[in-house]
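Chemist: Provide a 3D model corresponding to the input given below.
(2 chains, ligands or ions: 2)
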Amino acid sequence: MGPASQRAALVQAAAAKPPPGPEPHLQPPVVEVLSAEKSFANGTRALAPIDLTVRAGEFLTLIGPSGCGKSTLLKLIANLYEPTDGRINWWRGDFRKVGQDGRRLAFVFQDPTLMPWARVATNVRLPLDLERVPKPQATPRVAAALEQVGLGHAARSFPRQLSGGMRMRVSIARALVTEPNLLLMDEPFGALDEFTRNKLDDDLVALSWERKLTTIFVTHSIYEAVFLSTRIVVMAANPGRVFREVVIDEPMPRGDDFRTSSRFADLCRELSAALTDASIASQGKGAKTPCAR
Amino acid sequence: MRPLIRNEWFVRVAAPLLVGALVLAVWQLACQTYEVPAYLFPTPTDIAAKLASDLPGLLGALWSTLKVTFMAFAIAVIAGTALAFLFTQSRIIEFSLLPYAVILQVTPIAAVAPLIIILVKDTTAALTICAAVIAIFPIISNTTIGLKSVDPSLANYFRMNKAGRLQTLVRLRIPSALPFFLAGLRISSGLALIGAVVAEFVAGTGGRSAGLAYEILQSSFQLDIPRMFAALFLITATGVILFLAMAGLSNLLLGHWHESALKVEQ
Ligand SMILES: Nc1ncnc2c1ncn2[C@@H]1O[C@H](COP(=O)(O)OP(=O)(O)OP(=O)(O)O)[C@@H](O)[C@H]1O
Ligand SMILES: [Mg+2]
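Modeler: Residues are numbered from 1 along each chain as shown, chains lettered A, B, ... in the order given. Ligands and ions are numbered 1, 2, ... in the order given. This is a model prediction of the structure:
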């Protein structure tokens, strides 16, 4: 076999298996949580030492009983909190380089967190304004981001004029406009009805696939976790820790075929069992409320 | 056709005007039927006639009161806002200055006014200081609260995006503070007028000022009750116009987003 055909085969292979391919562990790490733990000033031990590596192209979901430290872990990864002990690497370095090209991070909070006094387009442009991107360059990017979440027509509206789902999409557009490489989302669709949530999940799967995003996602919904993720980390509380991992080895991008497959139902059942185990474990040592079990 | 009660214009404009007209009519009729003399309680027409005949003198007095009111209001807004910004810069500044702002607020102006009037030679300047002292507190306290009442999640967002101090101030803190500042403005404008009038009452006999309060005092000495009412009417009208102007400003700046200025959907 000549070098040319060898290359062609490689290209073909690459086309057939774009990241995250069947070997996601070969991808470079985007976030490395190295024995990071977090205690709050009031003495709450929110997270026991956590070790977790998230690789490029992964869609990682954190799930677990309320209070197990999912939000805390996400905020550690967003550098909104400092770990009490241990450390976190971003792209194998410290946080100072985050924000440069190829190392952009965006956070979508549980509520849309929009500026009520600013129009939708201005809200979406905010991260670019803060980075001092000139307006002529920013404007088309804002329009594209709004188009991407299906809100091109709402650019001149004020947030209060939009429905909850639309506001959430504005928030997502604001995250996308920076062209992030790492997207952190804390229960972004938690307040939405099932139908809207499914629709936004579909969009998110397509989007993270197209953009080759690395995503860390927090949810309480088993279905959502299975549908979106390449890997699910089940956490337990008291103190917050990684309890179990479930790999969802299904091809991307996914759609309703996957949602209605028996494989999907099996995975949901497996995850549900893991969650039950995790909540039993959470009531064990150091639990605030004693449990009969 | 929709019932009158549901008509926005009727509810907001015509209805209060109708009430006013009704009160005036009852007043006029009552004074006429019981033949109350004008030097005891004048009818609205007496007052209007007086207003028309004494207009030049009264307008001069109005102008002098307005000058004090506006200067005091401007000083209160500028100094109050500056102090509020100072307060929010550091806790130590805030805690060392706030007690004095409170002392300033709780001391009755009528009690300090004589002192200020003695200390400050120029009467207009003394009156302005008195009025500014009362008008400044709502600006300080409201703007300080406003600058602090930033949505913590939005503040987090700014921090995460490495926003600078100035960016955070201009894009987050000032817009968040705006509704509070405007509410302070509304209270302060009224207080500036009250302060100007009260200070003038105190200065009254001694000072050489000739504002509306002085007119009221003079008229009471001369038992010219209609003129007293006419001066009172001008003060009240000024207060109402100030209030409406502030409400209009607030509507202009907040109308499209803030709850306080939004029209309730029916
Ligand atoms: N700022 C804080 N100060 C003190 N304790 C905190 C703080 N934030 C969170 N905690 C505590 O840390 C623990 C983990 O909280 P966290 O918000 O991370 O949980 P979570 O898994 O996101 O829960 P939920 O699913 O309800 O959102 C909880 O016991 C909580 O009370
Ligand atoms: Mg949470």
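
Chemist: what's the burial count for residue 259?
Modeler: All of this refers to chain A. Neighbour count for residue A:259, taken as other C-beta atoms under 10 Å in any protein chain shown: 15. From N, CA and C alone the C-beta is placed, and that goes for glycine too.

Chemist: oops, I was thinking of chain B
Modeler: Residues lying near residue B:259 (other C-beta under 10 Å) number 10.

Chemist: And residue A:166, by the same measure?
Modeler: 19.

Chemist: Not counting its neighbours along the chain, what's nearest whichever residue of the stretch 151-293 of chain A sits closest to ligand 1?
Modeler: Residue nearest to ligand 1 within the stretch 151-293 of chain A: residue A:240 (5.8 Å; C-beta to the nearest ligand atom). Once flanking residues are discounted, residue A:240 sits nearest to residue A:69: 2.6 Å by C-beta to C-beta, 6 or more residues apart in numbering or on different chains.

Chemist: which residues touch that neighbour?
Modeler: A:38, A:46, A:47, A:235, A:237, A:239, A:240, A:241 (C-beta atoms under 8 Å, 6 or more residues apart in numbering or on different chains).

Chemist: cool, and residue A:112?
Modeler: Contacts of residue A:112 (C-beta under 8 Å, 6+ apart): A:159, A:164, A:167, A:168, A:170, A:171.

Chemist: just how off-centre is the helix or strand where residue A:169 lies within its chain?
Modeler: Taking DSSP states H and E as the criterion, residue A:169 maps to helix A:164-176. With C-alpha atoms, centre = their mean, to the nearest Å as the basis, helix A:164-176 stands 14 Å off its chain's centre.

Chemist: what does the stretch 101-250 of chain A have sitting close to ligand 1?
Modeler: Applying C-beta under 6 Å from any ligand atom, one finds that the stretch 101-250 of chain A approaches ligand 1 through residue A:240.

Chemist: how is chain A carved up into domains?
Modeler: According to automatic domain parsing, chain A is divided into the following domains: A:1-17+A:59-69+A:181-287, A:115-179.

Chemist: Look up the closest residue to residue B:64, ignoring the ones flanking it.
Modeler: Closest to residue B:64 by C-beta to C-beta, 6+ apart is residue B:211, at 4.4 Å.

Chemist: where are the low-confidence patches of chain A?
Modeler: Within chain A, the ranges that satisfy pLDDT under 70 run A:1-25, A:284-293.

Chemist: Run through the strands of it in chain order.
Modeler: Per DSSP state E, chain A carries strands over the ranges A:29-39, A:45-55, A:59-63, A:85-90, A:105-108, A:182-186, A:214-218, A:231-236, A:241-247.

Chemist: where in chain B is pLDDT low?
Modeler: In chain B, residues with pLDDT under 70: B:1-2, B:204-209, B:261-266.

Chemist: And the residue nearest the centre of it?
Modeler: Nearest to the geometric centre of chain B sits residue B:190, at 1.4 Å (C-alpha atoms, centre = their mean).

Chemist: Sticking with that one, tell me its helix or strand.
Modeler: helix B:174-203.

Chemist: Quick one: list the elements packing against that helix.
Modeler: For helix B:174-203, the elements it packs on are helix B:55-89, helix B:109-119, helix B:123-148, helix B:212-221, helix B:225-254, judged by 3 or more C-beta pairs under 8 Å, 6 or more residues apart in numbering or on different chains; DSSP states H and E.

Chemist: tell me what the helix holding residue A:169 is packed against?
Modeler: strand A:105-108, helix A:120-130, helix A:135-148, helix A:194-210.

Chemist: at 7 Å what do you get?
Modeler: Counting contacts by 3 or more C-beta pairs under 7 Å, 6 or more residues apart in numbering or on different chains; DSSP states H and E, helix A:164-176 is packed against strand A:105-108, helix A:120-130, helix A:135-148.
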